[in-house]
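**Student:** kindly generate the corresponding structure for this input.
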Amino acid sequence: MEITDLTPAERRVWDAFPRGEGVDFREQPEDSSVDGADWGPDRTLRAEVLRALLLGAGPAEEGRVAGLKVKGAKIVGKLDLRYAVVDHPIRLRDCWFERKPLMYGAQLKALVLGYSTLPGLTAATIRVDVVLRLSCCRITGPVRLQGAKISGGLFLQGAVVGPVVGEEADEPPLQLNHIEVGTDIIANDLTVHGQLRLNGATVGGQISLDEAHLLAPDGIALHAETLTVGTDLRAKRLEARGMVNLTGSRIPGQLNFAYASFANPGGVALRASSCVVGEMWLRGCERVEGLINLRRSQFDLLHVPTGTWPDKIRIDGLSYRTLAPHLPAEERLPALEREESGYLPYAYEQLAAAYRTAGDEGAARTVQLAKLRRHRRTLPRAARVWGLLQDATVGYGFRPLRAAGWLLALLLTGWIAFATEHPRPLKPGEAPDFNPAFYTLDLMLPIIGFGQEAAFAPSGWYQWLSYLLIVTGWILATTTLAGVSRSLQRQ
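**Tutor:** Got it, this is the predicted structure:
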């Protein structure tokens with residue numbers, strides 16, 4: 001291309017490029033690139049001119065760092081930088097693109113397209129030495145960044161991607177799968193009309209999706225299987241319509257969904273199975289619409305208010321060291337009843353262990369008791385009867401004072417009854433003095449003997465009362481022994 005072919009607008013950019021100076025075509029600072037299709041020739045640049053500059057056709061100036069720095073331009077044609085090696089930073093802010101830039105396999109210093117409007121971006125396997133900025137962009141086609149390597153950060157805050165229409169409608173609007181980012185992905189207030197794909201991505205720092213809107217009803221809003229993050233994944237006040245899938249992810253810091261909203265009615269709303277996470281926060285979240293799947297995941301801290309759990313959950317193999325907020329066991333136990341596959345002994349053991357870690361032994365015993373009661377419902381009828389007896393008498397060994405209460409009640413009953421009418425002595429003149437209290441204890445305690453039971457014989461309904469005391473004593477002794485043995489085995 002000859003320099004004489006340049007328009008006045010292109011001449012301004014051509015002359016500013018070797019000095020790295022900026023060219024601002026905006027009439028007002030608040031000009032929006034959304035209106036770029038109506039901009040005239042005085043703000044129009046041909047993509048082939050920009051390509052020629054970036055690939056070395058422009059002039060050079062000694063002692064200056066060349067760079068493309070343009071604001072508020074209308075860029076027509078195809079900006080084709082596929083496989084190109086560009087040693088100059090590219091800054092095209094507030095620009096309107098007629099066609100999607102093609103940067104597949106390119107090697108760039110920096111790429112800044114903030115506040116621009118684009119019909120898409122094809123930049124799979126791109127290499128960027130410094131930073132890639134798409135902040136506040138309006139992008140109506142797919143953004144293809146799969147396999148990209150960015151030494152610095154990726155910035156998407158305030159961007160709106162999609163909805164994608166036409167031949168590309170079946171593609172995820174934002175494709176970041178297998179991307180490698182040296183520092184952070186900052187995507188606060190990002191809006192994606194469709195799927196944000198992060199499968200296999202590696203981020204050296206944090207991912208921030210605070211106040212983002214991921215809108216894929218009846219689909220997958222966030223597809224981030226085997227994601228690896230250096231520190232945190234923040235998504236406070238996230239709005240997710242569709243499934244959030246984090247299966248197999250590794251997040252050593254926080255997975256923070258505080259005040260987020262999840263909705264995928266009839267499907268899985270949050271899937272974080274087989275994950276290893278430092279802390280998972282669902283503080284302040286509304287009730288999840290859809291199923292939560294946390295199977296086989298490991299958390300140091302799991303912060304989930306009771307009102308957040310949906311009607312169905314999957315927690316088989318879930319482990320956590322601390323559960324927050326600290327609530328009475330009675331408020332935590334109903335969630336275990338919502339396990340989709342039914343009774344899971346491990347889930348109760350895990351909850352009890354969390355209470356022991358917090359130093360709340362009483363709550364841990366309550367959980368263990370609830371576990372045995374839940375297990376009882378899975379047993380045959382005869383075994384359920386024996387379980388009911390253990391529960392009623394000693395609370396399966398977790399309520400030992402209950403047996404003392406039964407013993408005291410029966411002792412008072414027998415004491416009063418036999419004090420009212422003494423049973424007749426079997427051998428008059430040889431029998432010891434009758435003592436109603438010790439006579440009742442002699443009937444109830446199967447091992448200890450006070451010499452009263454063998455010396456007196458009640459009659460009438462008192463005889464039936466004595467039988468009842470004997471049977472009840474044996475039941476209490478047996479259930480107490482079973483409960484104590486169970487407690488010793490746990491210890």
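
**Student:** pLDDT weak spots in the protein?
**Tutor:** Residue ranges of the chain with pLDDT under 70: 1-4, 58, 384-404, 406, 429-430, 446-447, 450-454, 475-491.

**Student:** which stretches in it count as helices?
**Tutor:** Listed in chain order, the helices of the chain (DSSP state H) span 8-16, 47-54, 329-336, 345-357, 361-376, 381-394, 400-420, 436-444, 461-490.

**Student:** deepest-packed of those helices, please.
**Tutor:** helix 436-444 (a mean of 22; mean count of other Cβ atoms under 10 Å). Every residue, glycine included, has its C-beta placed from N, CA and C.

**Student:** next, format the helices of the chain as TSV and append distance to Val164.
**Tutor:** Formatted as TSV, these follow (distance: least, Cβ to Cβ, whole Å):
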stretch	distance to Val164
helix 8-16	31
helix 47-54	22
helix 329-336	39
helix 345-357	41
helix 361-376	48
helix 381-394	58
helix 400-420	65
helix 436-444	79
helix 461-490	57
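
**Student:** which among the ones you listed is found nearest to Ala66?
**Tutor:** Set against Ala66 and scored by Cβ to Cβ, these come closest in helix 47-54, at 8.4 Å.

**Student:** by contact count, what packs against that closest one?
**Tutor:** helix 8-16, strand 68-71, strand 74-76 (3 or more Cβ pairs under 8 Å, 6 or more residues apart in numbering; DSSP states H and E).

**Student:** mind giving me TSV with the ones you listed and columns for distance to Glu339?
**Tutor:** Formatted as TSV, the helices and strands packed on helix 47-54 follow (distance: least, Cβ to Cβ, whole Å):
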stretch	distance to Glu339
helix 8-16	63
strand 68-71	56
strand 74-76	56
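
**Student:** out of the ones you listed, which is closest to Ala148?
**Tutor:** Between the helices and strands packed on helix 47-54, strand 68-71 lies closest to Ala148; by Cβ to Cβ that is 19.9 Å.

**Student:** what pairs with the closest one, parallel or antiparallel?
**Tutor:** strand 23-24 (parallel), strand 90-93 (parallel) (DSSP bridges).

**Student:** tell me which of these is the most buried.
**Tutor:** Most buried of these by mean neighbour count (mean count of other Cβ under 10 Å) is strand 90-93; its value is a mean of 23.

**Student:** contacts for that strand, please.
**Tutor:** Residues from elsewhere that reach strand 90-93 (Cβ atoms under 8 Å, 6 or more residues apart in numbering): 22, 54, 67-73, 75, 108-116.

**Student:** quick one: distance of it to the chain centre.
**Tutor:** 37 Å (Cα atoms, centre = their mean, to the nearest Å).

**Student:** and for stretch 365-381?
**Tutor:** Offset of stretch 365-381 from its chain centre (Cα atoms, centre = their mean): 29 Å.

**Student:** let's see that stretch as PDB, backbone CA atoms only.
**Tutor:** Only the C-alpha atoms of stretch 365-381 are listed here, as PDB (Å, rounded to 0.1, in the frame of the first residue of the first chain):
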ATOM      1  CA  ARG A 365     -24.000 -36.500  70.000                       C
ATOM      2  CA  THR A 366     -27.300 -35.100  68.600                       C
ATOM      3  CA  VAL A 367     -26.100 -35.800  65.000                       C
ATOM      4  CA  GLN A 368     -25.000 -39.400  66.000                       C
ATOM      5  CA  LEU A 369     -28.400 -40.000  67.500                       C
ATOM      6  CA  ALA A 370     -30.100 -38.700  64.400                       C
ATOM      7  CA  LYS A 371     -28.000 -41.000  62.300                       C
ATOM      8  CA  LEU A 372     -29.100 -44.100  64.200                       C
ATOM      9  CA  ARG A 373     -32.700 -43.000  64.000                       C
ATOM     10  CA  ARG A 374     -32.400 -42.500  60.300                       C
ATOM     11  CA  HIS A 375     -30.700 -45.900  60.000                       C
ATOM     12  CA  ARG A 376     -33.500 -47.500  61.900                       C
ATOM     13  CA  ARG A 377     -35.900 -46.700  59.100                       C
ATOM     14  CA  THR A 378     -33.900 -48.900  56.700                       C
ATOM     15  CA  LEU A 379     -34.100 -52.000  58.900                       C
ATOM     16  CA  PRO A 380     -36.600 -54.900  59.000                       C
ATOM     17  CA  ARG A 381     -39.600 -54.500  61.300                       C
END
